[in-house]
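Colleague: give me the fold of what follows.
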Amino acid sequence: MDCRVKENPERTFDLVIKVDCPATENEDPVVLWKFPEDFGDQEVLQTVPKFCFPFDITRVSQNQVGQHFTYVLTDIESKQRFGFCRLTSGGRVCLCILSYLPWFEVYYKLLNTLADYLAKEQENDLNDLLKSLYNHPVPKANTPVSLSVNEQIYIASGQVLKNQQNPTSHSYFIAPDINGLPTIPENRNLTEYFVAVDVNNMLQLYASMLHERRIIITSNKLSTVSTSHFS
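Modeller: This is a model prediction of the structure:
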């Protein structure tokens, strides 16, 4: 495992925020909503929103809606903490999940579910879904997880850990094995990278890294830049 990835994080995620895009470059993004509500790390709350709109905000276009991208922060112990983002409302609003776990596919899928809840103004269901995941220990690798509302969570065999009602599953995933090698097409980052970059350019990039060259990757899509960085 990458030594920069934190071992045994306490939770599957630390924070979820909904951020409004600033009107001008001289303004800071505004946090419209956060989970958990009592999250008190002011440094994080001030820093994370600034990474939610890594583009010229005066040129926001409708084609940025639904785009996923990821950025990475480094904590005081030199461990990576990932910000998983999804743009909504014509690129004017960003949903962001902050986690020490590099669970790209899981969090992109969860962001889509959260966006659906917000679009339907079902904030109570959204909070229940997040509580069920936030309050439960981090699932082990390759463990199936089915989340639902009413703070219920199903692990592995389907055993209900909280109350005995039959819930409707709102999000299902299998906890990734971060020690395993990525594969195509299962790994979204690797797949999009191979679609965007041809073999000759891949070899040039690899050779440039071996020679410790400075590399700048540009794209019209945030998702492509993000996936190229993490591939």
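
Colleague: every contact and neighbour count from this point should use C-alpha atoms.
Modeller: Noted.

Colleague: now the residue nearest to the spatial centre of the chain: phi and psi?
Modeller: The chain has Phe84 as the residue nearest its centroid, 2.2 Å off, counting by CA atoms, centre = their mean. Dihedral pair for Phe84: phi -100, psi 120, per degrees, to the nearest 10.

Colleague: could you list the low-pLDDT ranges of this structure?
Modeller: Applying pLDDT under 70 to the chain picks out residues 1-2, 59-66, 148-171, 228-231.

Colleague: any idea which helix or strand comes after the helix ranked longest in the chain?
Modeller: The longest helix of the chain (DSSP state H) is helix 104-119. Downstream of helix 104-119, the next assigned helix or strand under DSSP states H and E is helix 123-134.

Colleague: could you dump that next one to CSV, C-alpha only?
Modeller: Presented in CSV, the C-alpha positions along helix 123-134 are these (Å, rounded to 0.1, in the frame of the first residue of the first chain):
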residue,chain,number,x,y,z
GLU,A,123,-32.6,16.2,3.0
ASN,A,124,-33.9,13.9,5.8
ASP,A,125,-33.2,10.8,3.7
LEU,A,126,-29.9,12.2,2.7
ASN,A,127,-28.9,12.7,6.4
ASP,A,128,-30.1,9.2,7.3
LEU,A,129,-28.0,7.7,4.5
LEU,A,130,-24.9,9.5,5.6
LYS,A,131,-25.4,8.7,9.3
SER,A,132,-25.6,5.0,8.6
LEU,A,133,-22.2,5.1,6.9
TYR,A,134,-20.5,7.7,9.1
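
Colleague: count of residues packed around Leu98?
Modeller: For Leu98, the number of neighbouring residues by other CA atoms under 10 Å comes to 23.

Colleague: which of the three states applies to the nearest residue to it once chain neighbours are set aside?
Modeller: Excluding its sequence neighbours, the residue lying closest to Leu98 (CA to CA, 6 or more residues apart in numbering) is Gly83, at 4.6 Å. Three-state call for Gly83 (DSSP: H, G, I helix; E, B strand; the rest coil): strand.

Colleague: so Gly83 is in contact with Leu101, correct?
Modeller: No - using CA atoms under 8 Å, Gly83 makes no contact with Leu101, being 9.9 Å away.

Colleague: can you pull the contacts of the residue nearest to Leu98?
Modeller: 48, 70-73, 96-99 (CA atoms under 8 Å, 6 or more residues apart in numbering).

Colleague: who are the neighbours in contact with Pro22?
Modeller: Applying CA under 8 Å, 6+ apart, the residues contacting Pro22 are 28-30, 57.

Colleague: quick check: phi and psi on it?
Modeller: phi -70, psi 150.
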